[in-house]
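*Asks:* Sharing a sequence plus its predicted fold:
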Amino acid sequence: MDDEQADPVWEIPEEAVETLTRCLIDREDEVVRFYACKTVENITAQSITAGCSFATLKVATLLLNIYHTQSNEVFKISAAVSISHICKLNTTLFATIFASLGPKNFSSALLEGPARI
């Protein structure tokens, strides 16, 4: 994560945030959704300032939908990692995310899931 020196390279226009968010919707092409998810994962991992733009209930809900419905394991893991980054950036979302996963699935993902999760 950046050290919050507000590096101008991480200034992401609101239109770009909205476009990436829209690309996560399940009506979109699978490849578009995958790359939008990976982009959110990378941004939220690299910049607090830019990542906070994606640390919203709407994005978390879309990523949870991907996690719950996706059979592609790489895509599912990317959604889980993105959710993890979002929880670090906006801790108020954790309760919603935990409720969506449920205690058993949450524990199972941590204990038995892939190492990245």
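*Replies:* Okay, I see it. Numbers count the residues shown, from 1 in each chain.
*Asks:* ok, which stretches of this protein are helices?
*Replies:* Taking DSSP state H, the helices of the chain run over residues 14-23, 30-46, 48-51, 57-69, 73-89, 94-101, 103-112.
*Asks:* Low-confidence ranges, the protein, go.
*Replies:* 1-9, 106-107, 109-111, 113-117 (pLDDT under 70).
*Asks:* let's see it at 80
*Replies:* For the chain, residues meeting the criterion pLDDT under 80 lie at 1-10, 98, 100-117.
*Asks:* Nearest residue to residue 43 in space, please, no chain neighbours.
*Replies:* residue 50 (5.2 Å; CB to CB, 6 or more residues apart in numbering). For the C-beta atoms, the positions are set from N, CA and C on the backbone; glycine is no exception.
*Asks:* Now do the contacts for that neighbour.
*Replies:* 10, 11, 12, 43 (CB atoms under 8 Å, 6 or more residues apart in numbering).
*Asks:* how close does the third one sit to residue 59?
*Replies:* In this structure, residue 12 and residue 59 are 13 Å apart, going by CB to CB, to the nearest Å.
*Asks:* the more surrounded of those two?
*Replies:* A direct count of neighbours by other CB atoms under 10 Å for residue 12 and residue 59 places residue 59 higher, at 22 against 16.
*Asks:* doesn't residue 23 make contact with the more buried one?
*Replies:* No - Residue 59 lies out of contact with residue 23 (CB atoms under 8 Å); the separation is 10.9 Å.
*Asks:* So which residue is smack in the middle of the protein?
*Replies:* The chain has residue 82 as the residue nearest its centroid, 2.9 Å off, counting by CA atoms, centre = their mean.
*Asks:* Wait, that one touches residue 42, no?
*Replies:* No - the pair residue 82 / residue 42 is not scored as a contact, 9.0 Å apart, by CB under 8 Å.
*Asks:* Give me the distance between residue 80 and residue 19.
*Replies:* Residue 80 is 23 Å from residue 19, by CB to CB.
*Asks:* Neighbour count: these two, which is higher?
*Replies:* It is residue 80, of residue 80 and residue 19, that has more neighbours when counted by other CB under 10 Å, with 22 against 11.
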